[in-house]
Every structure is written in C-alpha cells, then in structure tokens.
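1. any chance you can model this:
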Amino acid sequence: MSTFFIAGTDTGVGKTHATCTLLHAIRARGSNACGMKPVASGCTETPEGLRNDDALALQAASSTLMPYEWVNPVALREALSPHLAAAHEGVEIRLAPLNEAFERLRGIQDVVLVEGVGGWLVPLSRSLMASDIARQWQLPVILVVGLRLGCLNHALLSARAIATDGCRLVGWIGNRIDPAMEAVDENVDTLRQLLPAPCLGVLPYGVPPHAAVSHLDLSAILD
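-> This is a model prediction of the structure:
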C-alpha cells in the first residue's frame, strides 16, 4: 500500500486537479486508489451535510465511492484559512478524527492520496499546521507547482520547508494554471534543475483529469 501527501506551492495552484489526475493514472495501472481531503473550508450546506467541491471531486475520481466523512472528516463552512473558519464555528481542528478516517481508507485501498489545504504552512489551529498531517503520518510528498509568474520562488521555498520539517519530497507536478505565462518551458527546465526531486509531469491548461493522464510518468514513485 502506498500513501502520498499532495502539497501545493500556494492556494489555487490546482492541487485537486493534479490529485484527480494522479488517481486516474494510478487506476489505469491496475491499482485501487482513493483521494482524501482531511480538512476543507468553503463547504456548502446540503441535505447530506456540509460538502466541499474539491473533496467531492476526489471522491468521484477514486476507484470506489468512499463515505464522504472518510474523504473529508473536517468540513468547514467559510472559505477562509482553516484555523479561522474553525474558530468562527467554535471548533478546534485536531488530528484524532483525521487519523481515524485515514486508517480506514488505507486499510482498504492500494494507494491513498492525501491532499493538503492551501500551501505547506497553512495553520489549522494554534498548535497544528497543514504540514503536521504529512509529518505525523510520515507521508512522502508530491508538490504541485502552479505555473505562473513567481512559481520558481514559491516552489523552491516550499521544497526547503518540506525538507526542514523532516519530510521527503519524492516528486513534483507542474500545472499550467496561467495559459498566458511567458517562457513556460524555460521555467519548467529551471524547476527540473533546482528542485531536489523528479518531475512527474506537466499538466496542460484546460484538460480534465481523466484526459491528462498521458502527461504523467509515475515510474519514479510507484515502480
């Protein structure tokens, strides 16, 4: 069984898009795989309870339909940093319910992809950071780099923070979030040279996850 933590260089860089593409790619290799979004803010009230679009996308891209409460054990209403959204609801995010959901998923799936929230150092509470999930569960990290102006600095700082926290960066994915970005190939080449992990692929702009599988090469992390 393999587990990975999907981190992002920032909010809005396409972590969910990359995670869903990874799920389709892993399933195409014959493995059962599911996604998990331990903490999600910006959730919508539904008859079934609070639901987050990113978590629903991960649930739908998984091999089997896992219970939503396992995929997203902490769902918060406001689209704010999780520690603020939780405080506004009078709750504190703790690792215990996240641990329980994670153990259930990895007990029945070949691969579990755990998507972070925001960037590497987003606070979940006064004493808990998003990075603590990867640290506590000892998960190898895949970094999603949103390809836009400033991505070199964000990617290199994220890689340094991941290493400083004692986690292992095993690969990175470039995601074309800005179709008008200049010198994309040169920026990707720079990232290939400077990031201390292999590039698993570059996802094109506007291509849905199931159709972007051919842009990934997972041999560095799964073979």
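
2. strands along this protein, start to end?
-> 2-8, 33-36, 39-40, 44-46, 49-51, 74-75, 111-115, 141-146, 169-175, 199-203 (DSSP state E).

3. for the residue lying farthest from the centre of the chain, give its distance to Gln59.
-> Distance from the C-alpha centroid of the chain peaks at Pro47, with 26.8 Å (CA atoms, centre = their mean). Distance, Pro47 to Gln59, by CB to CB, to the nearest Å: 17 Å. Quick note: C-beta positions are derived from backbone N, CA and C, even for glycine.

4. burial measure for the closest residue to Leu149 other than its chain neighbours, as a count.
-> In this structure, Leu149 finds its nearest non-sequential neighbour in Met181, 6.7 Å apart by CB to CB, 6 or more residues apart in numbering. If you count neighbours by other CB atoms under 10 Å, Met181 ends up with 15.

5. what pLDDT does Met181 get?
-> Note for Met181: predicted pLDDT of 97.

6. shouldn't it be in contact with Asn187?
-> Yes - using CB atoms under 8 Å, Met181 makes contact with Asn187 at a distance of 7.5 Å.

7. spit out the residues that contact those two alike.
-> Leu147 (CB atoms under 8 Å, 6 or more residues apart in numbering).

8. give the buried residues for stretch 84-99.
-> Ala85, Ala86, Ala87, Ile93, Leu95, Leu98 (16 or more other CB atoms under 10 Å).

9. wait, which of the residues you listed is closest to Glu69?
-> Distance ranking of those against Glu69, using CB to CB, places Leu98 first at 11.4 Å.

10. skip the chain neighbours and tell me the closest residue to that closest one.
-> Leu98's closest residue in space is Pro38 (CB to CB, 6+ apart), at 4.5 Å.

11. where's the one you found relative to Arg77, distance?
-> Pro38 is 17 Å from Arg77, by CB to CB.

12. ok, these two, which is more surrounded?
-> Using other CB under 10 Å, the more surrounded residue of Pro38 and Arg77 is Pro38, with 26 against 16.

13. give me the subset of the buried residues of stretch 84-99 lying in helices.
-> Taking DSSP state H, the ones among those that sit in helices are Ala85, Ala86, Ala87, Leu95, Leu98.

14. confirm for me that the first one is in contact with Leu76.
-> The one in question is Ala85. Yes - with contacts defined as CB under 8 Å, Ala85 counts as touching Leu76 at a distance of 3.9 Å.

15. for those two, list the residues in contact with both.
-> Ser41, Gly42.

16. for the protein, what are the low-confidence residue spans?
-> For the chain, the stretches with pLDDT under 70 are 1.

17. helices of the chain, start to end?
-> Along the chain, the segments classed as helices by DSSP H run 15-28, 53-61, 68-71, 82-88, 95-106, 130-137, 151-164, 184-194, 219-222.

18. which residues does the last one contact?
-> Outside helix 219-222, the residues that touch it by CB under 8 Å, 6+ apart are Ser2, Phe4, Ile26, Arg29, Pro140, Ile142, Val170, Gly171, Pro198, Leu200.

19. got a quick ChimeraX command for the buried subset of those?
-> A single ChimeraX command selects the buried members of the contacts of helix 219-222 (16+ other CB under 10 Å):
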select :2,4,26,140,142,170,171,200
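
20. and the contacts of helix 219-222 as CSV, adding distance to Gly116?
-> Conversion of the contacts of helix 219-222 to CSV gives the following (distance: CB to CB, whole Å):
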residue, distance to Gly116
Ser2, 17
Phe4, 11
Ile26, 18
Arg29, 24
Pro140, 13
Ile142, 10
Val170, 15
Gly171, 15
Pro198, 20
Leu200, 17
